[in-house]
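J.: Using only what follows, build the 3D model:
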Amino acid sequence: MSFGKRLRELRLERGLTQADLSGPGVSRSLVSQLERDRIRPSAQALQTLSEKLGVSYDYLRDAVKPIENTCQVLLKHAWKAIEKGHLEDAFELSDQAVTVATNIGDRELTSQAQLIRGWAFMLKGEPNKGLKDVSQAESRFIKPKSVQPFRVLQAMAMSAFYNDYYGLAESYFESILNMVAPRSLESAVANLHLGLVRQARYGMSAGFAEFSKAVDLSASLGEKHIEAWGICGQITSSIHQKIPIPKEKWTRLRKIINDKDRAVSEIYIEPLIAYEQRHHGNYKRAIETLVKFWESRPENDYILSEIAYELSRNYLAIGEYDLAQKVIDKGLKVMPAVRRSYTFIRLWIVQAWIYFYKGQSSTAIHTLQPLLPLARVMSLNLIESHISKWLRDWEQNPYETMHPVVEK
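T.: Okay, the predicted model is just below:
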């Protein structure tokens, strides 16, 4: 039995009106809302109601708990559904949780439910609805005293980052850095992700300062995983800026990756080597490096979508358009169907250039056009600028050969 039904039953059994239950923290309209399970009673309201009804405080409080537990169970299963990629289930469960939490008036539970539902919306490819839920969750989250704003911002930042909403992520990580201790692990993590976000938004030459801070902090704290990712960021930024990379950076990265006692996963040296080879114009060597790495990975490995981008860029540079096409096809096949990510956009940009080089300018234009609003929603400033320029150029000079300037 819900709290509202129990309250109404107790009141009618005693022949009392809603107004009769009025007292400290309780009004007639509040009783009406409680009986309809529209809001959750405060501790003061429970105390007043228990005295008016002649029952114990615990008896009424226990009727509230099952509602909270129902919401928490829904949220737990919604998270599991997201982790398993069951997006419809995640949305349905989190939507039910929002309804339950809103009805009992629990702002914190409502925020958690909206955050998960927003995530489900984003993964389903409905960014506007997702961002609305996330922003509403944030506005509620900050107010309850029981929730630390830093933890809220951290959750929001990581959600925005992993769902490729880089403008939102950048503002959150900047806020985090204004709140945490400068020499803390939290600062190192925020700097690392801020560097990654800025590379995506403004180009691969960006983020060097943030990566350097992350490397220095994580090295002093013994956090090798963060240090390794930070070094990767330093290397890619340096390559793009044509800044010599100290030999000790490569040595340190190899040492961390190959550490038998505490190996770092998901970081590979080969793509970085190929990236440097391509920027030095050694396209065939880069292709050899990437093909060898590709062959060592499982067929469904998600990193292959990123390797596909790099490999297709090299094939494009030497005029091997058919080989570039095969790689693009494989890269898109690895991408989850629901994902519309930074890598997804870059793969389709290369696809558009393949069409253009083959003389299919109208197809190239049609391929690029839907990427423009997607880049805008994701706040990919440089890519949005490039796409706008290419569309103008291709429409004006459809048969003129131009070299692609996809962010290197």
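
J.: what's around residue 281, how many residues?
T.: 10 (other Cβ atoms under 10 Å). Glycine gets a C-beta too; all of them are placed from N, C-alpha and C.

J.: Am I right that it is in a helix?
T.: No. Applying DSSP: H, G, I helix; E, B strand; the rest coil, one finds residue 281 to be coil, outside a helix.

J.: how close does it get to residue 204?
T.: 17 Å (Cβ to Cβ, to the nearest Å).

J.: Kindly report the same for residue 107.
T.: In terms of Cβ to Cβ, residue 107 sits 42 Å off from residue 204.

J.: How about residue 268?
T.: Residue 268 is 17 Å from residue 204, by Cβ to Cβ.

J.: rewinding a little: who's more crowded, residue 107 and residue 204?
T.: More crowded of residue 107 and residue 204, by other Cβ under 10 Å: residue 204, with 21 against 17.

J.: what's the nearest residue to that one if we skip its chain neighbours?
T.: residue 240 (4.2 Å; Cβ to Cβ, 6 or more residues apart in numbering).

J.: Hmm, the one you found is touching residue 205, no?
T.: Yes. Here residue 240 reaches residue 205: they are 4.3 Å apart, a contact under Cβ atoms under 8 Å.

J.: which residues touch stretch 237-254?
T.: 195, 199, 203-208, 211, 227-228, 231-232, 234-235, 267, 269, 272, 275-276, 279, 408 (Cβ atoms under 8 Å, 6 or more residues apart in numbering).

J.: List buried members of these by neighbour count.
T.: Buried members of the contacts of stretch 237-254, scored by 16 or more other Cβ atoms under 10 Å, are 195, 199, 203-208, 211, 227-228, 231-232, 234-235, 267, 269, 272, 275-276.

J.: buried stuff in the helix or strand that contains residue 167?
T.: Element membership of residue 167, judged by DSSP states H and E, is helix 166-177. Across helix 166-177, burial judged by 16+ other Cβ under 10 Å covers 166, 167, 168, 169, 170, 171, 172, 173, 175, 176.

J.: And it, what does it pack against?
T.: helix 149-162, helix 185-202 (3 or more Cβ pairs under 8 Å, 6 or more residues apart in numbering; DSSP states H and E).

J.: Please write out the alpha-carbon positions of it in CSV.
T.: Extracted as CSV, the C-alpha positions of helix 166-177 are listed here (Å, rounded to 0.1, in the frame of the first residue of the first chain):
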residue,chain,number,x,y,z
TYR,A,166,32.0,18.7,-26.0
GLY,A,167,30.8,22.3,-25.3
LEU,A,168,28.8,21.2,-22.3
ALA,A,169,31.7,19.0,-21.1
GLU,A,170,34.2,21.8,-21.5
SER,A,171,32.2,24.2,-19.2
TYR,A,172,31.8,21.4,-16.6
PHE,A,173,35.5,20.5,-16.5
GLU,A,174,36.4,24.2,-16.2
SER,A,175,34.0,24.5,-13.3
ILE,A,176,35.5,21.5,-11.6
LEU,A,177,39.0,22.9,-11.9
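
J.: The residue nearest to residue 204 looks like it's in a helix, true?
T.: Yes. Assigned with three-state DSSP, residue 240 falls within a helix.

J.: Please report how far it lies from residue 317.
T.: From residue 240 to residue 317 the distance is 16 Å (Cβ to Cβ).

J.: same question, residue 81
T.: In terms of Cβ to Cβ, residue 81 sits 43 Å off from residue 317.

J.: Settle it for me: which of the two has more neighbours?
T.: The neighbour comparison of residue 81 against residue 317 (other Cβ under 10 Å) goes to residue 81, with 20 against 17.

J.: Please name the residues that touch the more buried one.
T.: Counting by Cβ under 8 Å, 6+ apart, residue 81 makes contact with 87, 89, 90, 93.

J.: Could you confirm it falls within a strand?
T.: No. Secondary structure of residue 81 (three-state DSSP): helix, not part of a strand.

J.: Check it and give its pLDDT.
T.: Per-residue pLDDT puts residue 81 at 75.

J.: any idea how far residue 129 is from it?
T.: For residue 81, the distance to residue 129 - Cβ to Cβ - is 17 Å.
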